[in-house]
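>>> predicted model and sequence follow; I will ask about them next.
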Amino acid sequence: MDREIFDNWAEDFDASVEKEETFPFAGYRKVQDMVKWMVSIEEGTKILDLGVGTGLGVAELYEQGAEVTGLDFSPGMLEKAKAKMPRARLINHDFSKSFPPSELAGEKFDYIIISYALHHLPDWKKVDFLGNLKGFLNPGGRIIVADIAFSDRKTMQKARKISGERWDQNEYYPIIDDLAFSLEQQGFSLTFFQVSFCAGILQLRQ
Ligand SMILES: C[S@@+](CC[C@H](N)C(=O)[O-])C[C@H]1O[C@@H](n2cnc3c(N)ncnc32)[C@H](O)[C@@H]1O
């Protein structure tokens, strides 16, 4: 998707995803609640949110005291995130073109969250991208991918049927069965939870 589409969406984004009961955001609120439950905030806990959007997902963790760095290529989305998280470090960068941006060189995080943004990368890029993120984790750190995602192809086909014309053929929804071997080869151990018929959370640990 183009950056401009996200810029134009920024104003309505929160309202449009919170109330969604159909594809692609069915389960969005439950997904965010589960992510919050998976993250434990102590003093100085550092979170990197890639594709942070308006900050709707991560803002509660910020309010609990997490040091949040958010990255996004949409200035419109970042403006909304700034309003919710004035002290957060926000970086305007396209992660599909290069990673890391210079601001993140040498940085380490306790959690890296990618919520409804990884599906913009094709599978081969996803694996390299996630593998590269290992270098940005503190010991014991975790990557949490919340997205339109499926445990296997059969579940994905079912969701595709339910979604009808709303399904977007130009996006690359993670199918865990297809990614697991390559991610394990990268040294990750994986846990996946299917949260709604079209949303799931993948947790990666080293
Ligand atoms: C559907 S929104 C999700 C926002 C937020 N993570 C959430 O869960 O509410 C996807 C976000 O990813 C950002 N995004 C998509 N592709 C990106 C890229 N290549 N580099 C940086 N940000 C990207 C978009 O601008 C948008 O803000």
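Thanks, I have the structure now.

>>> can you get me a residue count around Leu137?
20 (other Cβ atoms under 10 Å). All C-beta atoms are positioned from the backbone trio N, CA, C, and that covers glycine.

>>> what's the answer for Pro100, then?
Neighbours of Pro100 (other Cβ under 10 Å): 18.

>>> now it: closest residue in space, sequence neighbours ignored.
In this structure, Pro100 finds its nearest non-sequential neighbour in Phe136, 7.0 Å apart by Cβ to Cβ, 6 or more residues apart in numbering.

>>> try Arg89
Closest residue to Arg89 apart from its sequence neighbours, by Cβ to Cβ, 6+ apart: Thr69 at 4.6 Å.

>>> okay, and the beta partners of the one you found?
Per DSSP bridges, the residues bridged to Thr69 are Leu48, Arg89.

>>> tell me the contacts of it?
Thr69 makes contacts with 46-49, 88-91, 104, 107, 109, as judged by Cβ atoms under 8 Å, 6 or more residues apart in numbering.

>>> are any of the residues you listed buried, and which?
Among the contacts of Thr69, those buried by neighbour count (16 or more other Cβ atoms under 10 Å) are 46-49, 88, 90-91, 104, 109.

>>> could these go into JSON lines alongside distance to the ligand and pLDDT?
As requested, the buried ones among the contacts of Thr69 are exported to JSON lines (distance: Cβ to the nearest ligand atom, whole Å; pLDDT from 0 to 100):
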{"residue": "Lys46", "distance to the ligand": "17", "pLDDT": "98"}
{"residue": "Ile47", "distance to the ligand": "12", "pLDDT": "98"}
{"residue": "Leu48", "distance to the ligand": "12", "pLDDT": "98"}
{"residue": "Asp49", "distance to the ligand": "6", "pLDDT": "98"}
{"residue": "Ala88", "distance to the ligand": "13", "pLDDT": "98"}
{"residue": "Leu90", "distance to the ligand": "11", "pLDDT": "98"}
{"residue": "Ile91", "distance to the ligand": "9", "pLDDT": "98"}
{"residue": "Leu104", "distance to the ligand": "13", "pLDDT": "97"}
{"residue": "Phe109", "distance to the ligand": "15", "pLDDT": "98"}
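
>>> quick one: which of those residues is nearest Leu130?
Leu48 (12.9 Å; Cβ to Cβ).

>>> just the closest of the contacts of Thr69 to Lys158, please.
Using Cβ to Cβ, the contacts of Thr69 come closest to Lys158 at Asp49, 29.8 Å.

>>> quick one: contacts for that closest one?
Asp49 makes contacts with 55, 57-58, 68-71, 112-115, as judged by Cβ under 8 Å, 6+ apart.

>>> reformat those as a markdown table; add pLDDT, distance to Val127 and secondary structure.
Formatted as a markdown table, the contacts of Asp49 follow (pLDDT from 0 to 100; distance: Cβ to Cβ, whole Å; DSSP: H, G, I helix; E, B strand; the rest coil):
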| residue | pLDDT | distance to Val127 | secondary structure |
| --- | --- | --- | --- |
| Gly55 | 98 | 27 | coil |
| Gly57 | 95 | 23 | coil |
| Val58 | 98 | 24 | coil |
| Val68 | 98 | 26 | strand |
| Thr69 | 98 | 23 | strand |
| Gly70 | 98 | 24 | strand |
| Leu71 | 98 | 20 | strand |
| Ile112 | 98 | 15 | strand |
| Ile113 | 98 | 18 | strand |
| Ile114 | 98 | 13 | strand |
| Ser115 | 98 | 19 | strand |
